[in-house]
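> predicted model, plus sequence, below.
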Amino acid sequence: MKKFLFSVVFFFLIPSAVFAVAPVSPVLLKNSLEISGWIPYWRSATGTADVLPHLDSLTEVNPFGYTVKNDGTLVDTARLGQEPWVSFIAAAKKKKVRVIPTVMWSDGAAIHAILSNTKSRIALEDAIALLVKENNFDGIDIDFEGKYAKTKDYFSTFLKGLYIRLGKKWVMCTIEARTPLDSRFSKIPKDIAFANDFPSINKYCDRVRIMTYDQQSIDLKLNDAALGPYVPVSDPKWVEKVIALTAKTIPKKKLVIGIPTYGYEYRVKELSEGYEYDLLWPFNPRYAIELSQTLHVPAIRNEAGELSFAYVPTSTIVVSSSSVNSVGQSNNPNLATTSFSSGSAVSAFGSTKEFNMVWWSDAQAIKDKINHAKKLGVRGVAIFKFDGGQDPRMWDVLR
């Protein structure tokens with residue numbers, strides 16, 4: 001576990017920052033930013049139903065989507081040839097909204113095995129190109145995560161082959177955020193190696209969507225500067241660092257900032273110096289709101305511009321789990337039957353050695369990040385995720 005030092009004890013209970021007090025004022029964005037977002041396969045029905053009335057606010061939609069087997073063959077995990085996708089895709093095309101599905105893959109060993117073999121790599125390039133053309137998609141979004149550093153050149157070659165095959169179709173690339181080394185390490189290792197070749201990605205990708213979320217504890221400088229426990233989903237200060245570094249090799253006219261719509265709960269333990277964080281689960285905002293109301297513990301707008309509150313578990317009650325774990329895989333039997341702890345608010349850290357912390361992104365945080373994207377001068381924003389579980393006021397922000 002990561003350990004961090006915080007010097008100020010009063011953090012959460014700030015009356016003026018209690019959430020859900022003032023409405024989020026809408027901002028007009030479509031003419032200044034491209035706005036896209038992923039609709040996850042595990043919530044196809046609610047995701048498409050949620051987005052359908054708001055297609056006019058979007059530049060692009062990304063069914064999330066296709067996966068790749070260990071043998072390099074594609075799988076239509078979302079079943080895009082069936083309803084509700086067929087009607088949804090037709091409606092998007094009618095509105096002239098780009099439909100660009102995502103091919104996701106997170107098995108580093110399998111990715112290397114397929115891409116380092118010329119025959120299997122070309123077969124995958126051909127399969128994806130055929131998929132796009134046969135379904136008349138506007139392009140493809142490549143989201144290969146967890147790659148090895150030794151896969152870097154093979155991945156670049158794969159992108160080149162795909163770029164050539166797709167011609168006028170779009171090649172979107174979704175890649176991990178790269179935190180500056182002096183913010184990520186207290187002592188920078190000498191043998192740093194990266195899995196993504198930014199110059200090649202710039203050359204062969206029409207848009208580069210940066211996964212500027214799940215920040216958590218990666219930025220040591222921001223951790224040290226924080227005024228209390230600090231595990232953001234996405235702090236604009238971190239996003240700015242990531243974009244400044246990335247823009248050295250990929251021009252901002254191609255860069256798209258990823259914006260989260262979810263949150264995480266942690267079990268936090270106070271140490272002699274700092275805190276230890278144990279990630280419990282991801283959730284959609286409704287879970288945090290229900291829990292806050294049940295416990296009578298207000299959330300505040302924290303220094304990352306997101307919402308958070310802390311509480312000490314004292315007994316067990318049941319809070320709706322339908323919005324928990326909807327960030328990741330849907331069929332988790334453990335979370336489907338989980339009971340959640342009730343307790344009292346934490347107003348002064350140091351008065352208890354262990355507590356739970358709930359931290360998430362709401363419509364105001366999304367609005368702030370969109371305005372920050374405009375300030376940074378990037379091409380657009382990509383919302384992860386559209387599934388019907390995000391703060392519904394988000395659509396006022398995107399309108």
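Received it, and whenever you're ready, just let me know what you need.
> where are the low-confidence patches of this structure?
Along the chain, the model assigns pLDDT under 70 to residues 1-31, 315-352.
> may I have the longest strand that the chain contains exported as CSV, CA atoms only?
Longest strand in the chain, counting residues (DSSP state E): strand 307-317. In CSV, the C-alpha atoms belonging to strand 307-317 read as follows (Å, rounded to 0.1, in the frame of the first residue of the first chain):
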residue,chain,number,x,y,z
LEU,A,307,-17.1,15.1,-4.0
SER,A,308,-16.1,13.1,-0.9
PHE,A,309,-17.1,12.2,2.6
ALA,A,310,-15.7,10.0,5.3
TYR,A,311,-17.4,7.9,8.0
VAL,A,312,-16.6,5.4,10.7
PRO,A,313,-18.4,2.1,10.2
THR,A,314,-20.3,1.1,13.3
SER,A,315,-23.1,-1.3,12.1
THR,A,316,-24.3,-3.0,9.0
ILE,A,317,-27.2,-1.8,6.8
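> quick one: the helices in the protein, in order.
Assigned by DSSP state H, the helices in the chain fall at 44-51, 85-94, 108-115, 118-134, 152-166, 181-184, 198-204, 220-225, 236-246, 285-295, 333-336, 363-376, 394-398.
> shouldn't Ile171 be in contact with Gly139?
Quick fix: residue 171 reads Val, not Ile. Yes: between Val171 and Gly139 there is a contact at 6.1 Å, judged by C-beta atoms under 8 Å. C-betas here are computed from N, CA, C, even on glycine.
> could you tell me which residues touch both of those two?
Residues touching both Val171 and Gly139 (C-beta atoms under 8 Å, 6 or more residues apart in numbering) are Asp206.
> quick check: domain ranges of the protein?
Domains of the chain are assigned by automatic domain parsing as 24-261+362-398, 267-359.
> make JSON lines out of these and add mean neighbour count.
JSON lines is the format used below for these (neighbours: other C-beta atoms under 10 Å):
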{"stretch": "domain 24-261+362-398", "mean neighbour count": "19"}
{"stretch": "domain 267-359", "mean neighbour count": "17"}
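> and Gly72, how far is that from Glu125?
Distance, Gly72 to Glu125, by C-beta to C-beta, to the nearest Å: 10 Å.
> same deal with Phe198?
For Phe198 relative to Glu125 (C-beta to C-beta), the value is 21 Å.
> how about Phe137?
As for Phe137, its distance to Glu125 is 16 Å (criterion: C-beta to C-beta).
> contacts only, for Ser308.
Counting by C-beta under 8 Å, 6+ apart, Ser308 touches 12, 299-300, 302, 357-360.
> quick one: end-to-end distance for stretch 89-103.
Taking C-alpha to C-alpha, to the nearest Å, stretch 89-103 runs 17 Å from one end to the other.
> right, and Phe137 touches Lys93 too?
No: at 9.8 Å, Phe137 does not count as touching Lys93 under the criterion of C-beta under 8 Å.
> before we move on, the earlier item: closest to Ala244 out of the contacts of Ser308?
Asn302 (22.9 Å; C-beta to C-beta).
> tell me the phi and psi of the closest one?
phi -80, psi -180 (degrees, to the nearest 10).
> which non-adjacent residue is nearest it?
Residue nearest to Asn302 in three dimensions, not counting chain neighbours: Ser308, with 4.8 Å by C-beta to C-beta, 6 or more residues apart in numbering.
> list the residues that contact the closest residue to Leu33 other than its chain neighbours.
Nearest residue to Leu33, sequence neighbours excluded (C-beta to C-beta, 6+ apart): Gly380, at 4.9 Å. Gly380 makes contacts with 33-36, 59, 207, 256-257, 373, as judged by C-beta under 8 Å, 6+ apart.
> from those, pick the one nearest Ala113.
Using C-beta to C-beta, those come closest to Ala113 at Arg207, 27.7 Å.
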